[in-house]
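>>> Fold the following and give me the result.
(one chain, ligands or ions: 1)
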Amino acid sequence: MKEIYLDNAATTKLREEVKQEMLNYFDVVYGNPGSFHGKGLEAKNAVEDARERVAKLINAKSREITFTAGGTESINLALKGLAKAMKDKGNHIITSRAEHHAVLNTCEYLEKYECCEVTYLEVDKYGMVNPSDVESAIKPNTILITIMYANNEIGTINPMAEIGTIARKHNIYFHTDACQAAGYCDLDTEKLNVDMMTLNGSKVYGPKGTGILYAKTGIQLVPLVHGGGQERNLRSGTENVPGIMGFAKALELAQTEREYEFNKLTKLRDKLVNGILESVSKTFLNGHPTQRLPNNANVSILDIEGEALTLYLNEYDIYTSTGSACTSQTLDPSHVVLATGLPYEAAHGSIRFTLGKETTEDDIEKVLEVLPGIVKTLRQISPVNVAVEHIVEARSKK
Ligand SMILES: *Cc1c(COP(=O)(O)O)cnc(C)c1O
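Just a heads-up that it's a prediction; the model follows:
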């Protein structure tokens, strides 16, 4: 059976061009960028070239780019680094309930160990942050607003520029987790009004464990990792040269192809969503109907467990997930789907299909062919029978 990989929000397959680009930096340009000889200089030049290319893609300066070991580290550096550096100026952070755990758990840490105060904004029934809520939450001690660009579970794209304008008006730093947006959205930091931005390689067909933090000139951050002083003292340790080169290449390709991919995947996604809503009763789309990532289809199917559905689909070599990869080990329903106002019993039946470059129309047809039968089987053994009206009413209160 052909493998049908529909979990591209968890991670993407390394693309061939990126793999080829990286190979050279394992055993040809293998020097330490910190070494004062030709072999080191060669590697240093490569890293600085990658930094410049990444900076250009997001309309930033190369000294504003710090390479990290992924999105999580970048987020930790932004949030902890700023909170520590601004201790004397304030301690209040504004975020939302729908963020990735890299943001939520870092905020919890800051509340517990760094005396920070965090406002977790509610989101609307589509999982979107309302810019006026951001403005209302601002206090004299607010130092940072951190709101994700696009949601990894339900695909909703937030109104970045509006939130950025508010942050700027009040002279507060604005950080965004743009890991999921990088393949499909404009990353121009000037247009978005962002001061800090997190990106990673593993969501754009690049290597895992790679990413960046963009931090606008003038922002002071206290480093998390101390040592040899690499990355302008912000992130010590020998640079992951193959990873950095792979990340830069992957981001370049992703941004070049983003409009083409957006249009192509939107059609496939709509076919999938419409197909499910038409062929399976008691189903809802999660996330915004239009302001969403083109590759994300997250649906709630009443009276079944999302986990059971993913296991049944797995038997057909169709790979999906119920939420973020980080929470798939637990049976708790997604915090994001719950934040959209869906009751617990409906949130349990949510399933996420995230399409990618290699997804074909045949793949979507295969899913639509097997899904109704699996749902029927699962419903026959299900002890619950939730009234649709109950769900509709719960969401309409949002
Ligand atoms: C994947 C992801 C992260 C974490 O990135 P890692 O590179 O796995 O550390 C953070 N935020 C979002 C939105 C993500 O999708």
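>>> Around the ligand, pick out the residues from the chain.
70-72, 100, 102, 148, 152, 177, 179-180, 200, 202-203, 211 (C-beta under 6 Å from any ligand atom). C-beta here means a position set from N, CA and C on the backbone, and glycine is covered the same way.
>>> Let's see which of the residues you listed end up in helices.
Among those, DSSP state H puts Gly71, Thr72, Ala102 in helices.
>>> could you pull out the helices for the stretch 151-300 of the chain?
Along the stretch 151-300 of the chain, the stretches classed as helices by DSSP state H, counting those that start in this stretch are 160-169, 189-192, 241-279.
>>> can you list the ones you listed in JSON lines and add mean neighbour count, mean pLDDT and distance to His37?
Listed next are the helices of the stretch 151-300 of the chain as JSON lines, based on neighbours: other C-beta atoms under 10 Å; pLDDT from 0 to 100; distance: least, C-beta to C-beta, whole Å:
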{"stretch": "helix 160-169", "mean neighbour count": "19", "mean pLDDT": "97", "distance to His37": "44"}
{"stretch": "helix 189-192", "mean neighbour count": "17", "mean pLDDT": "97", "distance to His37": "36"}
{"stretch": "helix 241-279", "mean neighbour count": "19", "mean pLDDT": "98", "distance to His37": "15"}
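>>> Looking at these, spot the one closest to Pro140.
Checking the helices of the stretch 151-300 of the chain against Pro140 by C-beta to C-beta gives helix 160-169 as the closest, at 14.8 Å.
>>> other SSEs contacting the closest one?
helix 131-137, strand 142-146, strand 173-177, helix 189-192 (3 or more C-beta pairs under 8 Å, 6 or more residues apart in numbering; DSSP states H and E).
>>> Look at Leu342 and say how many residues are nearby.
By other C-beta atoms under 10 Å, 24 other residues sit near Leu342.
>>> so how far is the ligand from Glu190?
Using C-beta to the nearest ligand atom, to the nearest Å, Glu190 is found at 22 Å from the ligand.
>>> Can you tell me the closest non-neighbouring residue to that residue?
Asn59 (5.1 Å; C-beta to C-beta, 6 or more residues apart in numbering).
>>> Quick check: the one you found touching Leu192?
No: judged on C-beta atoms under 8 Å, Asn59 makes no contact with Leu192 at a distance of 9.1 Å.
>>> and Ala50, which of the three is it?
Secondary structure, DSSP: H, G, I helix; E, B strand; the rest coil: Ala50 is helix.
>>> Show the pLDDT at the residue of the chain found nearest the ligand.
Nearest residue of the chain to the ligand: Gly71, at 2.6 Å (C-beta to the nearest ligand atom). Here the pLDDT value assigned to Gly71 is 98.
>>> Now for the residue nearest to it when sequence neighbours are not counted, how many residues are close by?
Once flanking residues are discounted, Gly71 sits nearest to Asn200: 3.6 Å by C-beta to C-beta, 6+ apart. Asn200: 31 surrounding residues under other C-beta under 10 Å.
>>> How about Glu315?
Counted with other C-beta under 10 Å, Glu315 comes out at 10.
>>> Quick check on it: phi, psi?
phi -60, psi -20 (degrees, to the nearest 10).
>>> And the one 5 residues further on, by the same measure?
Here the main-chain torsion angles of Thr320 (degrees, to the nearest 10) amount to phi -130, psi -180.
>>> can you pull the pLDDT of it?
On pLDDT, Thr320 comes in at 98.
>>> give the contact list for it.
By C-beta atoms under 8 Å, 6 or more residues apart in numbering, the contact set of Thr320 is Leu6, Asp7, Leu309, Thr310, Leu313, Ile351, Arg352, Phe353.
>>> just to revisit the earlier point, output the residues of the chain next to the ligand as a markdown table; include the columns distance to Arg379.
Formatted as a markdown table, the residues of the chain next to the ligand follow (distance: C-beta to C-beta, whole Å):
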| residue | distance to Arg379 |
| --- | --- |
| Gly70 | 39 |
| Gly71 | 37 |
| Thr72 | 37 |
| His100 | 32 |
| Ala102 | 35 |
| Met148 | 34 |
| Asn152 | 28 |
| Asp177 | 36 |
| Cys179 | 35 |
| Gln180 | 31 |
| Asn200 | 38 |
| Ser202 | 35 |
| Lys203 | 34 |
| Gly211 | 41 |
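>>> So which of those wins on neighbours?
Asn200 (31 neighbours).
>>> Hmm, Glu73 and it touching each other?
No: Asn200 sits out of contact with Glu73 when judged by C-beta under 8 Å, with a separation of 9.1 Å.
>>> Mutual contacts of these two, please.
Common contact partners of Asn200 and Glu73 (C-beta under 8 Å, 6+ apart): Gly211.
>>> Count the neighbours of His390 for me.
His390 has 13 neighbouring residues, counting by other C-beta under 10 Å.
>>> And Ile75, which helix or strand is it part of?
helix 71-85 (DSSP states H and E).
>>> Just want the angle from that helix to strand 173-177.
Relative orientation of helix 71-85 and strand 173-177, computed by axes from the mean of the first three to the mean of the last three C-alpha atoms, to 10 degrees: 160 degrees.
>>> residues in contact with helix 71-85?
66, 68, 91, 93, 100, 102-103, 106-107, 109-110, 114, 116, 143-144, 146, 173, 175, 177, 179, 196, 198-200, 202-203, 211-213, 215, 219-224, 234-235.
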